[in-house]
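Just a sequence and a predicted model for now, questions to come.
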Amino acid sequence: MFWPLKLIILPTLLTITPVLAQTTAPAANASPPRPILPTRDPHAPGYVSGIELPDGTNAPSDKDGNFIIGPTHKPAAEMTHQNGVPQGDVYTLTMDSKDSKIYPGIARDPGTFGTADPNDPAKMIVSTSHPAPYTRRVSVYVPKQYVAGTEAPFIVGADGPDNALFVALDNLIAQKKVPVMVAISIGNGSGDAQGSERGLEYDTMSGRYAEFVESEVLPLVERQYHVKLTKNPDGRATMGGSSGGSCALIMAWYHPELYHRVLTYSGTYVNQQWPPNPDTPHGAWEFHESLIRNSPAKPLRIWMEVGDRDLLNPNTMHDNMHDWVQANENMARVLAEKGYHYQFVFARNGGHTDRAVKAQTLPEALEYLWRGYSGSSGSGQQMTRK
């Protein structure tokens, strides 16, 4: 369930262990093999009604609602460098866990996973997680149009670095389709899912990760690269895929005074939080199960995507809260019910955080995301996006 953000797709690492005359015992609680995923019909009963678009086209960037794309996914022109378009500068720094007051580091033993709690199938028992150090890379994109000393809007992405995002921004900024913005693509602290540092950062239903970014990442970016990042939440966006996608929404949900714009691919709006939290016992599944419906609407604008072959029950829990397609469909329904500005894209012929789908849709997604923005641009000029 990796998705980078240079983002966007960190491939899941596969460890292959040779079997020697059947003498090597399998690791305890080893992660089970993933099943072949079914192809879901966007018009299936219980799914939201979506507008079927001509193959190869994207949803309009000025329209809310539900859209169905595919099965062909050709890269948008903005996903490649264009002649005459200024290319931003990309810098990379490394952060060490020993310097973090919020995330000192954990890891799950290699080759292990967890088991479903026999007394509560919605809980995962992980006995092999322990303190462990890590380092993370942070890539910072500064567009050529940025004027030093001016306040810039920005987007924070998970599972960095994300070169695709930086190329798209080069072109969209040049076309004046998005404001002159900084992009901060933050690597995760390693591992995946319950018991890992990545899982702790991305799947925890709290404001902790947003607070980490605010107190430990953004000040470092401003000091090292001499940029001034806006404090206006309308000029701040989050982005991610898989658990990085649910993290993007978690950041804005728990800290709407910091972020108003959210972009997710294959968002992990499922029951993956660990350790368990009695306030949100079903993890990010709670977003569409209760939180959004039962809370006053927040000032958020959300773009999200799911593939027809997205994940389904990839672990041992089988709690009926691990269907990524159903989770994202549920999200679209409750967002519509509460009157949110959102766009939901169902991608035919799309897998989990699908590279081809992202290459087709990311420019349109970014343009949609920044609709309605009226504020400072990193060029030193005011900008209004209708």
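All right, it came through fine.

hey, let's count contacts and neighbours off CA atoms from now on
Noted.

can you map out the strands along the stretch 251-386 of the chain?
Taking DSSP state E, counting those that start in this stretch as the criterion, the stretch 251-386 of the chain carries its strands at 261-265, 301-307, 341-347, 374-376, 382-384.

Next, format those strands as JSON lines and append mean pLDDT.
Shown next, in JSON lines, are the strands of the stretch 251-386 of the chain (pLDDT from 0 to 100):
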{"stretch": "strand 261-265", "mean pLDDT": "98"}
{"stretch": "strand 301-307", "mean pLDDT": "98"}
{"stretch": "strand 341-347", "mean pLDDT": "98"}
{"stretch": "strand 374-376", "mean pLDDT": "81"}
{"stretch": "strand 382-384", "mean pLDDT": "62"}
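
Would you list the phi and psi of His165?
For the record, residue 165 is Leu, not His. In this entry, Leu165 is assigned phi and psi values of phi -60, psi -40 (degrees, to the nearest 10).

tally of neighbours for it?
Burial measure for Leu165: 26 neighbouring residues, criterion other C-alpha atoms under 10 Å.

can you give me the helices for the stretch 51-200 of the chain?
With DSSP state H, counting those that start in this stretch as the criterion, the stretch 51-200 of the chain has helices at 163-174, 197-203.

Report the contact partners of Pro131.
Residues counted as contacts of Pro131 (C-alpha atoms under 8 Å, 6 or more residues apart in numbering) are 104-107.

if you set the cut-off to 10 Å instead, what comes out?
Pro131 is in contact with 104-108, 196-197, counting by C-alpha atoms under 10 Å, 6 or more residues apart in numbering.

again with His43
His43 makes contact with 49-50, 52, 68, according to C-alpha under 10 Å, 6+ apart.

and it, what are its phi and psi?
The phi/psi pair for His43 (degrees, to the nearest 10) reads phi -100, psi 20.

same check, this time on the one 5 residues further on
The phi and psi values for Val48, taken as degrees, to the nearest 10, are phi -70, psi 150.

number of nearby residues for it?
The number of residues packed around Val48, counting by other C-alpha under 10 Å, is 21.

if we can go back for a sec, filter the contacts of Pro131 down to just the buried residues.
Among those, those buried by neighbour count (16 or more other C-alpha atoms under 10 Å) are 104-108, 196-197.

Farthest pair within those residues?
Farthest-apart pair in the buried ones among the contacts of Pro131 is Pro104 and Arg108; separation 14.3 Å (C-alpha to C-alpha).

so which of the helices of the stretch 51-200 of the chain comes closest to Thr39?
Per C-alpha to C-alpha, nearest to Thr39 of the helices of the stretch 51-200 of the chain: helix 197-203, 25.7 Å.

which other helices and strands contact the closest one?
Counting contacts by 3 or more C-alpha pairs under 10 Å, 6 or more residues apart in numbering; DSSP states H and E, helix 197-203 packs against strand 106-108, strand 129-131, helix 208-212, helix 243-254.

Any figure for the gap between Arg371 and Lys176?
As judged by C-alpha to C-alpha, to the nearest Å, Arg371 and Lys176 stand 12 Å apart.

what about the closest residue in space to Asn313 that isn't next to it in sequence, distance to Asn328?
Leaving aside its sequence neighbours, Asn313 sits nearest to His322 (C-alpha to C-alpha, 6 or more residues apart in numbering; 4.9 Å). Separation of His322 from Asn328 (C-alpha to C-alpha): 11 Å.

Give the residues shared as contacts by these two.
Common neighbours of His322 and Asn328, counting by C-alpha under 10 Å, 6+ apart, are 268-270, 285.

In the residues you listed, which residue is surrounded by the most others?
In terms of neighbours by other C-alpha under 10 Å, the shared contacts of His322 and Asn328 top out with Tyr269 at 32 neighbours.

Does that one touch Asn328 like I think?
Yes: between Tyr269 and Asn328 there is a contact under C-alpha atoms under 10 Å: 6.9 Å.

which residues do those two both contact?
With C-alpha under 10 Å, 6+ apart, Tyr269 and Asn328 have common neighbours 285, 288.

doesn't Met331 make contact with Glu289?
Yes: using C-alpha under 10 Å, Glu289 is in contact with Met331, at 8.8 Å.

So if I had to pick from those two, which one is more boxed in?
Shown here are Glu289 and Met331; by other C-alpha under 10 Å, Met331 has more neighbours (24 against 16).

unless I'm mixing things up, that one is touching Thr264, no?
No: if you go by C-alpha under 10 Å, Met331 and Thr264 don't touch, sitting 11.6 Å apart.

okay, and the common contacts of those two?
With C-alpha under 10 Å, 6+ apart as the test, Met331 and Thr264 both reach 304, 344.

And the residue nearest the centre of the protein?
Centroid-nearest residue in the chain, with C-alpha atoms, centre = their mean: Gly240, separated by 1.7 Å.

starting at the chain centroid, how far to stretch 135-155?
Mean-position distance between stretch 135-155 and its chain equals 19 Å (C-alpha atoms, centre = their mean, to the nearest Å).
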